[in-house]
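K.L.:
okay, predicted coordinates and the sequence, questions at the end:
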Amino acid sequence: MVPRKVKIAVMALPTEMGLSWEKLVRHISECSPGVRIKVPKDRLDSPLKHGFRKSIGLRFYHKHYRLRLPDNRCVHVEETRRHYIIHVDSKDPGVSPFGHLRTDAPGLWAALWTGVGLTAGLIAGAADDKNKGLTSALGAIIGLIVGFLTGRWGRK
């Protein structure tokens with residue numbers, strides 16, 4: 001599977017802003033969700049030296065770091081070979097893992113509910129060999145619909 005390219009709205013940082021993690025966190029936390037800032041790695045030192053914790057993210061082959069904000073959002077840093085890609089998540093997964101999936105990773109949320117529905121369909125169809133495939137498919141479809149309607153996509 002080829003990873004899809006993420007569009008990064010590279011935001012121009014104020015020129016008077018000497019780059020530091022503290023200033024960058026303050027600046028990105030004032031931006032609307034979805035804004036990503038891409039910074040060359042040689043302009044900043046390790047986020048771990050500034051209160052970030054190691055984390056995971058959708059691109060598991062990159063390193064990820066998070067810093068909780070006072071309002072329970074978090075700054076999420078994805079480290080690539082040459083850049084840090086920084087954005088704010090509306091929910092910190094350390095505070096609300098399911099809330100984070102619903103709002104910040106709706107595709108994963110929908111996949112989770114599809115799996116729940118598929119499992120429920122398999123369990124429901126276990127006693128009935130004749131309709132096992134049908135109940136599994138219906139369970140997966142219902143789970144996908146639940147995931148879609150309860151995730152960020154369903155609340156637009």
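P.N.:
Perfect, I can see it now.

K.L.:
CA only for contacts and neighbour counts going forward, please
P.N.:
Fine.

K.L.:
what about the nearest residue to His87 once chain neighbours are set aside, how many neighbours?
P.N.:
Closest residue in space to His87, ignoring its immediate chain neighbours: Arg36 at 4.7 Å, by CA to CA, 6 or more residues apart in numbering. Neighbour count of Arg36, defined by other CA atoms under 10 Å: 21.

K.L.:
same deal with Val116?
P.N.:
Val116 has 19 neighbours, counted by other CA under 10 Å.

K.L.:
does it sit in a helix, a strand or a coil?
P.N.:
Following DSSP: H, G, I helix; E, B strand; the rest coil, the label given to Val116 is helix.

K.L.:
nearest spatial neighbour of it, skipping sequence neighbours?
P.N.:
What sits nearest to Val116 in space, not counting adjacent residues and going by CA to CA, 6+ apart, is Gly143, at 6.2 Å.

K.L.:
what is the helix or strand where that neighbour lies packed up against?
P.N.:
Assigned by DSSP states H and E, Gly143 belongs to helix 132-150. For helix 132-150, the elements it packs on are helix 106-125, judged by 3 or more CA pairs under 8 Å, 6 or more residues apart in numbering; DSSP states H and E.

K.L.:
now do the contacts for the residue of the chain positioned farthest from its centre.
P.N.:
Distance from the C-alpha centroid of the chain peaks at Lys130, with 39.8 Å (CA atoms, centre = their mean). Counting by CA atoms under 8 Å, 6 or more residues apart in numbering, Lys130 makes contact with nothing.

K.L.:
now His87
P.N.:
Applying CA under 8 Å, 6+ apart, we find His87 in contact with Ile28, Pro33, Gly34, Val35, Arg36, Ile37, Val75, His76, Val77.
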